[in-house]
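Student: Give me a model of this one.
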Amino acid sequence: MLMNYLKKNLKRSHKIKLMIKKKLIKNARKIDKFLINYLKKQKKSLLVKPMKYGVISGGKKIRSTIILDAGKLFNINEKKLINVCAAVECIHSYSLIHDDLPCMDNDLIRRGKPSTHIKYGEASAVLAGSSLLTLAFEIITEKKYLVNSKLKNELVRSLALCSGHTGIAEGQELDLKFEKKKKKINQIIDMQKKKTGKLFNFCLYAAATIANKSKKEKILLSSLGEDIGLLFQLSDDFLDKKGSSKLMGKPVKKDNKKGKSTLLKLMGEKKAFLYAERLKKNILNKLGKHGKKATELINTINFIFERKF
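Tutor: Numbering: from 1, shown residues only. Below is the predicted model:
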């Protein structure tokens, strides 16, 4: 009887994972199509090719899926979310292009292909990354985007705060400064919430903003987004240690070589896993109030926790 129960649950879990993978692929294609069409309409410049290479080069587009899933909490029409998804992918890609540079993490492979600076040179990579950063704000503020000006301004301000010196950029700076140094748990959490969590923060904040939710609700969801980002980072750190370059599409086991400060390194595998498990449980409990509307988002969060690429 117990074996039948376990087999049934295993089959259900496998089925859900397949559904989420299909959803990720579908969403990625949707966002890539939007970005390809958007870049086609841009004025000709030498940077469009490296920009396109950096932003449409594979990748799971998990952040876009988080936005679309969060939109379901408030019954938001998907058309109102596509621009925000595309903008987030531009920001994420800018951060990866710069992160891969020799002066930072010096990674030669990204998403299974040569990093942008390997393909186009360092100078072009820096400029393409910076151009993707500004393109994100162009996408949100374009006239055809079906959101009023007040909400567009709020989205731009929030995305700027999450991307710049109080968000992703500072997180990267701390990540580099922490290398080969012993740091406390709260310092590492702060760094990872900025480097990874801030963009997830925006993903949930954007959905609440477009839905015209209260300031309190937006703050709660922003905080929840940072926790999802931290969970994603923990999962990424485990994959760096346990995964393969072929499956990850980037070098693995590099955190230890570079002396990166991670919760996995500080806590050890068992404690870090238990911490991630508690974090996930806390996130899911907070989403419980949304009932069935949170199903897609909960499934994606479970996938982040359990993913094996």
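
Student: Checking the nearest residue to residue 234 once chain neighbours are set aside next. Helix, strand or coil?
Tutor: Leaving aside its sequence neighbours, residue 234 sits nearest to residue 276 (CB to CB, 6 or more residues apart in numbering; 4.4 Å). Heads up, the C-betas are built off the backbone N, CA and C, glycines and all. Secondary structure for residue 276, judged by DSSP: H, G, I helix; E, B strand; the rest coil, is helix.

Student: so how many other residues sit close to residue 276?
Tutor: Using other CB atoms under 10 Å, residue 276 is surrounded by 22 other residues.

Student: same question, the one 3 residues further on
Tutor: Neighbour count for residue 279, taken as other CB under 10 Å: 16.

Student: Buried residues in the one helix or strand it maps to, which are they?
Tutor: Here residue 279 sits within helix 269-287, counting by DSSP states H and E. Neighbour-count burial for helix 269-287, counted by 16 or more other CB atoms under 10 Å, picks out 272, 275-276, 279-280, 283, 287.

Student: Equivalent analysis for stretch 222-241, please.
Tutor: 222, 224-241.

Student: And stretch 53-71, by the same measure?
Tutor: Neighbour count says stretch 53-71 has 53-57, 59-71 buried, by 16+ other CB under 10 Å.

Student: Mind checking which of those are in helices?
Tutor: Those of the buried residues of stretch 53-71 mapping onto helices are 53-55, 62-71, per DSSP state H.

Student: Now render those as CSV, adding distance to residue 156 and pLDDT.
Tutor: Output for these, formatted as CSV (distance: CB to CB, whole Å; pLDDT from 0 to 100):
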residue, distance to residue 156, pLDDT
53, 26, 94
54, 21, 94
55, 19, 95
62, 23, 95
63, 17, 97
64, 18, 97
65, 22, 97
66, 19, 98
67, 16, 98
68, 20, 98
69, 23, 98
70, 18, 98
71, 19, 97
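
Student: Under the pLDDT cut-off, which ranges of this structure? List them.
Tutor: Filtered on pLDDT under 70, the chain yields the residue ranges 1-13, 243-252, 308-309.

Student: Next, count neighbours for residue 17.
Tutor: Residue 17: 16 neighbours (other CB under 10 Å).

Student: After the one helix or strand residue 86 maps to, which helix or strand is next?
Tutor: Element membership for residue 86 (DSSP H and E) is helix 82-99. Next in sequence after helix 82-99, counting helices and strands by DSSP H and E, comes strand 109-110.

Student: ok, now how distant is the spatially most central residue of the chain from residue 229?
Tutor: With distances taken as CA atoms, centre = their mean, residue 63 lies nearest the centre of the chain, 4.2 Å away. Separation of residue 63 from residue 229 (CB to CB, to the nearest Å): 9 Å.

Student: shared neighbours, those two?
Tutor: 199-200 (CB atoms under 8 Å, 6 or more residues apart in numbering).

Student: Can you mark which positions in stretch 89-104 are buried?
Tutor: In stretch 89-104, counting by 16+ other CB under 10 Å, buried: 89-101.

Student: Which secondary structure state is assigned to the closest residue in space to residue 172 that isn't next to it in sequence?
Tutor: In this structure, residue 172 finds its nearest non-sequential neighbour in residue 195, 5.7 Å apart by CB to CB, 6+ apart. Put simply, residue 195 is helix when judged by three-state DSSP.

Student: count of neighbours near residue 195?
Tutor: 23.

Student: Surely it touches residue 171?
Tutor: Yes. Here residue 195 reaches residue 171: they are 2.7 Å apart, a contact under CB atoms under 8 Å.

Student: Which of the three states applies to the residue nearest to residue 254 when sequence neighbours are not counted?
Tutor: The shortest distance from residue 254 to any residue other than its chain neighbours is 6.6 Å, reached at residue 240 (CB to CB, 6+ apart). Here residue 240 is helix, with the state taken from three-state DSSP.

Student: so what's residue 275 up against?
Tutor: Contact analysis of residue 275 by CB under 8 Å, 6+ apart lists 234, 263, 267.

Student: switch to 7 Å and redo it
Tutor: 263, 267 (CB atoms under 7 Å, 6 or more residues apart in numbering).

Student: With residue 198 instead?
Tutor: Counted by CB under 7 Å, 6+ apart, residue 198 has contacts 162, 167-168, 171, 226.
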